[in-house]
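S.K.: A structural model of the following input is requested.
(2 chains)
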Amino acid sequence: MSTSSDGPRPLPTAEAAREAIETESVATLRRGPFRGLRERWNGLSRPTQWAWMLIVVVIAYAMPYLNFFPLSTAPGNDWPLALFAMAVYALVAVGLNVVVGYAGLLDLGYVAFFAVGSYTAAMFTSPDSPYLKIPYLWTLPLAMVIAMIFGVVLGVPTLRLRGDYLAIVTLGFGEIVRILATIIPAMKGQVGFQNVGRPPGEGPNGIPIFANSNGTPWYWLTVTILIIILLLAGNLERSRVGRAWIAIREDEDAAETMGVPTFKYKVWAFAIGASVGGLSGALFAGQVGFVNNQKFDVQTSILFLAAVVLGGTGNKVGAILGGAIVAYIPLRFTAVADYKYLIFGVALVILMIYRSQGLIPAKMRLMAYSRKAVEWVAPPKVPRGAEPPRTPTPRTEGGAS
Amino acid sequence: MLDLVALSVVHMDSSWINFDINSLLQNFWSATFDGLTFGAVYGLIAVGYTLVYGVLSLINFAHSEVFIVGAYGVVITLTMLGFGPSAPTIGPAAIIMDLLLALVVGMVFSAGTAFIVERVAYRPLRKRNAPRLAFLITAIGVSFAIQYLIFLPFIGGANAQPAVTMFIPTPIFDVFGTIITNQQIIIVVAAVLLMVGTDMFIRRSRTGRGIRAVAQDPDTATLMGVSKERTIVITFIIGGLLAGAAALFYVMLVPSGVIYNGGFILGVKAFAAAVLGGIGNVRGALLGGILLGIVGNYGQILLGDAQWADVVAFVILVLVLLVRPTGILGTTLGRSRA
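M.R.: This next block holds a predicted model:
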């Protein structure tokens, strides 16, 4: 970086690579309230990281029983149901994060895919619909496939356009889906579909396990799906596809020049994001048990976007956090529930001005290097001169608290 | 061809979509003139999008709220002047004076909102060299925040403002057997005059030259002595003024259409109009607005439900963009000639 000659830059030596990685990680570490935590996390060995993750997962599953004062939404809203809403929003945010965060495509009509998923679940299980009936759990993959088809159909014509147009076209698409749900008689407009199906199983007293009012099993189901999707998304992020997305996000022209088929990967991002949206829509429809045209408006799309941006665009952990917060605040603080759109609108503006990376910024570590390679050339240590007050922690001790 | 269409209609189980070509032919001219009137309003709003996009390459989603704030200004003024749901009883001269006052208030409200939005939301981002996505998300956030600020019970509330009837549209003359009212003439003529004025301002005046220079190359323009910040503010204010004028005509057409979220979809359609005509192009905005208004009207008569107008508008937008990604007229603000 410091060369002043006009000649070609020399190939990166191990030293240069180490320096580059260090600069990158220093740049990342300076931001974010969880900066110390991230540094320690990256310093842990892989098995220790898995152990910590296991603890987090156990806590996540135990959440319905942590029904006590400062955390719980209890007197105003049922806590397990609130947890389910948070999990669904988190799932939506993870899906939207693929589109907005990884590939940098602003999708303002994401609720349309959510709606497609909801209607898929409703129309194939509700007794109100005249079509073929299938078990509810089968509608989950079906919703993914159908939403994905919608994503491709929408993406192929529009993803060739400039990025800004995509925002307006997706916004229009969101409206079109809502309007079609109103106009087309088969989708029953405001009357909607009652008694959407549920997973099988009955409790000892004949009440179905997955009753609409019983949030806990729904929450567990959603968390399980969320974990699976997270693992898949994480693998995608580190794969060739993920690197292509990040290249497109950072500079589409440069990516194209370097031989990345940008259009193909943008359609992929759109389709994958859409399928996760469809999946969450189907889950939502199952729990609520009722689908009509009233829940899929532009406002909800913006709320989803707020979740992704709040958590940290491009960071899947951030997306979960953002989704959970966006769902949690109106349920926990019922006094502000009427103002949730105002709050999140203002939050978006303030975030963009002061913390455009969100609560947990996406990691900026050079994606080209694998974890092994990074450790090989740049063993994790406290960066020089960046954080003087912190004492160095030995990397073998698991002390992330 | 028509037989095929008819066959496919017969095979559908219900009549939610119908290709009622007879109805379209019968109502062709009235649909055209109605569409022209609505399209003129879209066009006026579209100028705000097109100018800001030309200068900042930003889809200013908050522009729809700039418009709706102006509409609130118009309705509040007219209500205070004694207008109500029924036709006013005062003479034509008094009505014209009142409408002019409402026009001024609407323009001031809209331009003021545009100015504040620019100052509070976009300028800090420019100072920080924020990425484009941050601008877009801010625009969405501002739009949302203003909508739900109006939504607060002590400001606007959840319900639409009471209707104000400015005057009863009276027929002036017939074209192809279709009655043209004075309302339609006023709106179209005023919109065209405002657009021509804006176009002249952009092309002829010194400030307009500055706007074009910044649109073309901000850095070079700054070197040549154009104040970029001042130019951007002026651009926002011009857009706001036209949105305020559009607000008056909108209330004239849809007396009870002023509601906190009423601007959003209208704004999206106006942006679609700007893109259709060629974003960054003032003449294109009017053309796109009128096209969108007319085609939407045809679609809604052909397909049989008022809501189809929006669907048709978006489909047309996507189709046009596929064929001509720069819109119909296509030039950018920077490249337009003096």
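S.K.: ok, now which ones touch B:Phe314?
M.R.: A:169, A:172-173, A:175-176, B:272 (C-beta atoms under 8 Å, 6 or more residues apart in numbering or on different chains). Heads up, the C-betas are built off the backbone N, CA and C, glycines and all.
S.K.: now do B:Leu81
M.R.: Neighbouring residues of B:Leu81 by C-beta under 8 Å, 6+ apart: B:98, B:101-102.
S.K.: mind putting those residues in JSON lines, secondary structure and pLDDT included?
M.R.: Listed next are the contacts of B:Leu81 as JSON lines, based on DSSP: H, G, I helix; E, B strand; the rest coil; pLDDT from 0 to 100:
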{"residue": "B:Asp98", "secondary structure": "helix", "pLDDT": "85"}
{"residue": "B:Leu101", "secondary structure": "helix", "pLDDT": "90"}
{"residue": "B:Ala102", "secondary structure": "helix", "pLDDT": "89"}
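S.K.: For PyMOL, write a command that selects the buried ones of these.
M.R.: Buried subset of the contacts of B:Leu81, written as a PyMOL selection, criterion 16 or more other C-beta atoms under 10 Å in any protein chain shown:
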select buried, chain B and resi 98+102
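S.K.: top of the contacts of B:Phe314 by neighbour count?
M.R.: Neighbour counts for those (other C-beta atoms under 10 Å in any protein chain shown) peak at B:Ala272, which has 30 neighbours.
S.K.: How confident is the prediction for that residue, by pLDDT?
M.R.: Note for B:Ala272: predicted pLDDT of 85.
S.K.: Which strands and helices lie in contact with whichever strand or helix holds it?
M.R.: Under the criterion of DSSP states H and E, B:Ala272 resides in helix B:262-277. Judged by 3 or more C-beta pairs under 8 Å, 6 or more residues apart in numbering or on different chains; DSSP states H and E, the packing partners of helix B:262-277 are helix A:163-183, helix B:28-56, helix B:63-80, helix B:132-151, helix B:282-303, helix B:308-323.
S.K.: what bits of chain B have low per-residue confidence?
M.R.: B:1-19, B:331-338 (pLDDT under 70).
S.K.: residues touching the residue nearest the centre of chain A, list them.
M.R.: Geometric centre of chain A, nearest residue: A:Val94, 1.2 Å, by C-alpha atoms, centre = their mean. Residues in contact with A:Val94 (C-beta under 8 Å, 6+ apart) are A:226, A:229-230, A:233, A:276, A:316, A:319-320, A:323.
S.K.: Quick check: residues of the stretch 101-250 of chain B near chain A?
M.R.: The interface of the stretch 101-250 of chain B toward chain A, taken as C-beta under 8 Å from any C-beta of the partner chain, is made up of B:120-121, B:124-125, B:128, B:130-138, B:140-149, B:151-152.
S.K.: repeat that with 6 Å
M.R.: When proximity is defined as C-beta under 6 Å from any C-beta of the partner chain, the stretch 101-250 of chain B approaches chain A at B:121, B:124, B:130, B:134, B:136-138, B:140-142, B:144-145, B:148.
S.K.: ok, back up a step: which of the contacts of B:Leu81 lies closest to chain A?
M.R.: Looking at the contacts of B:Leu81 and their distance to chain A, the nearest is B:Ala102, at 27.8 Å (C-beta to the nearest C-beta).
S.K.: Leaving out the residues flanking it, which one is nearest to the residue of the stretch 151-300 of chain A found nearest chain B?
M.R.: Using C-beta to the nearest C-beta, the closest approach of the stretch 151-300 of chain A to chain B is made by A:Gly172 at 3.6 Å. If the residues on either side of it in the chain are set aside, A:Gly172 comes closest to B:Phe314, at 3.6 Å by C-beta to C-beta, 6 or more residues apart in numbering or on different chains.
S.K.: Domain map for chain A?
M.R.: A:13-65+A:361-381, A:68-311+A:322-353 (automatic domain parsing).
S.K.: Now the weakest link among the ones you listed, please, by mean pLDDT.
M.R.: Least confidently modelled of the domains of chain A is domain A:13-65+A:361-381, at a mean of 68 by mean pLDDT.
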